[in-house]
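In: Build me a model:
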Amino acid sequence: MNKRLIFLPLFFFVCHILLANPSKIIHLDSSRFPEIEELKSTDILFKEFCFIVEDNYKLIAADKEPQLLFFKHVVKDDLTLLGLAARCNIPYETIATLNAIYSTTENLENKVVFLPTVPGIFIKKDGKSTFEIFLYQNAKENSLTNKNLCYKIDNVSLEFLQNQRLSSTERAYFLDSALGLPLAKGDFWVSSEFGKRKNPFSGEWKNHNGIDFAAKEGTPVYAVKDGKVALCKKNDNIFGNYIILEHDNGSMTSVYAHLSKMNVHQSKIVKKGEIIGFVGQSGMVTGAHLHFEIRKGGIPMDPQKKLKL
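Out: Numbers count the residues shown, from 1 in each chain. Next up, the predicted model:
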């Protein structure tokens with residue numbers, strides 16, 4: 001008996017959807033994805049996954065339509081994104097954009113990852129992270145959107161750009177280990193820099209321990225690095241509503257002050273590029289802006305030396 005026959009129901013299920021709805025959103029429930037226990041050749045499902053991936057590369061090379069299927073796997077060891085991609089023979093950007101992984105160094109242990117059988121990029125029209133927004137805008141500018149298969153996996157809408165790879169700019173953005181920006185480019189201007197300045201209220205010359213980004217009230221504020229919410233405080237006399245994130249096991253913190261609304265809670269784990277709040281005028285201010293600080297070992301550092309403004 002052909003071992004691959006045991007997977008025919010899955011093939012027929014997906015093929016039926018594709019044939020019946022070639023231009024519609026394909027709704028998929030991840031609970032129906034076959035789960036690979038181990039990423040080893042001794043695992044029957046993983047072996048089948050590898051067969052399908054290999055066949056798809058041959059179909060793409062012959063300019064034929066590959067078969068996109070989805071498997072899932074719970075990462076049980078210290079595999080990184082790059083290690084996972086190498087083991088599955090699928091580009092890292094395909095796995096990253098499907099699973100909302102924003103860093104090659106992200107800890108994937110115990111994370112449920114979806115594994116597609118065709119290389120490409122998954123983009124989100126309503127992306128929340130800076131990278132997702134950046135990716136969608138680039139795809140739209142290059143007329144790559146609205147003409148591909150669209151999937152809705154567990155209520156997450158994705159457009160699949162088959163066989164597409166990250167551009168050199170997108171790859172550099174993704175692989176960059178530097179801090180991200182707390183506000184999207186074009187949404188702000190620096191109204192006050194780090195260092196000595198004349199206090200706008202007292203008129204005294206004092207140290208300004210961060211930088212101020214002037215922006216419209218309600219502008220999204222992003223975490224500059226993976227971390228944990230150390231503090232969420234409302235109605236502080238100076239900072240108003242503000243958030244402190246811990247990074248690198250607490251060796252570095254970032255501060256986001258004068259928010260109109262906070263989008264996280266105490267002890268929440270956040271990812272670089274995740275929306276954590278919105279620009280406001282809370283606390284002691286002269287107008288809508290984000291006061292942003294970086295501290296290492298509790299000592300304020302000049303953010304402009306760490307950020308690519």
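
In: which ones are touching the nearest residue to residue 296 once chain neighbours are set aside?
Out: Computed as Cβ to Cβ, 6 or more residues apart in numbering, the closest residue to residue 296 that is not its neighbour in sequence is residue 252, at 5.2 Å. Placement of C-beta: from N, CA and C, glycine included. Shown in contact with residue 252 (Cβ atoms under 8 Å, 6 or more residues apart in numbering): 225, 246, 294-296.

In: And the buried ones among the residues you listed, selectable in ChimeraX?
Out: Per 16 or more other Cβ atoms under 10 Å, the buried members of the contacts of residue 252 correspond to this ChimeraX selection:
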select :225,246,294,295
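
In: Quickly name whichever of the contacts of residue 252 is closest to residue 126.
Out: residue 225 (23.2 Å; Cβ to Cβ).

In: Please settle this for me: is that closest one part of a helix?
Out: No - counting by DSSP: H, G, I helix; E, B strand; the rest coil, residue 225 is not found in a helix; it is coil.

In: pLDDT weak spots in the stretch 101-250 of the chain?
Out: 128, 130, 146, 176-178, 248-249 (pLDDT under 70).

In: just the strands in it please.
Out: 112-116, 120-123, 150-153, 156-162, 189-192, 195-198, 205-208, 211-214, 220-222, 227-236, 240-247 (DSSP state E, counting those that start in this stretch).

In: which SS state does residue 66 fall under?
Out: Quick answer, by three-state DSSP: residue 66 is coil.

In: measure it to residue 100 for me?
Out: Separation of residue 66 from residue 100 (Cβ to Cβ, to the nearest Å): 23 Å.

In: Which residue of these two possesses the greater neighbour count?
Out: Neighbour count, other Cβ atoms under 10 Å: between residue 66 and residue 100, residue 66 has more, with 21 against 18.

In: And the more buried one, how far from residue 304?
Out: With Cβ to Cβ as the criterion, residue 66 and residue 304 are 47 Å apart.

In: Ok, residue 119 next?
Out: 39 Å.

In: ok, the two, which is more surrounded?
Out: Between residue 119 and residue 304, counted using other Cβ under 10 Å, the more crowded position is residue 119 (20 against 15).

In: That one touches residue 89, doesn't it?
Out: No - in this structure, residue 119 is not within contact of residue 89 by Cβ atoms under 8 Å, at 9.1 Å.

In: Assumed residue 97 was part of a helix.
Out: Yes - counting by three-state DSSP, one finds residue 97 located in a helix.

In: which non-adjacent residue is nearest residue 189?
Out: In space, residue 189 is closest to residue 214, 5.3 Å off (Cβ to Cβ, 6+ apart).

In: so who does that neighbour touch?
Out: 188-191, 287-289.

In: ok, of those, which come out buried?
Out: Here, 16+ other Cβ under 10 Å leaves 188, 190, 288-289 buried among these.

In: Give me the residue at the spatial middle of the protein.
Out: residue 102 (4.1 Å; Cα atoms, centre = their mean).

In: Hmm, it is touching residue 134, no?
Out: No - Residue 102 lies out of contact with residue 134 (Cβ under 8 Å); the separation is 11.1 Å.

In: before we move on, back to that, just so I know, which of the strands of the stretch 101-250 of the chain lies nearest residue 42?
Out: strand 112-116 (17.3 Å).
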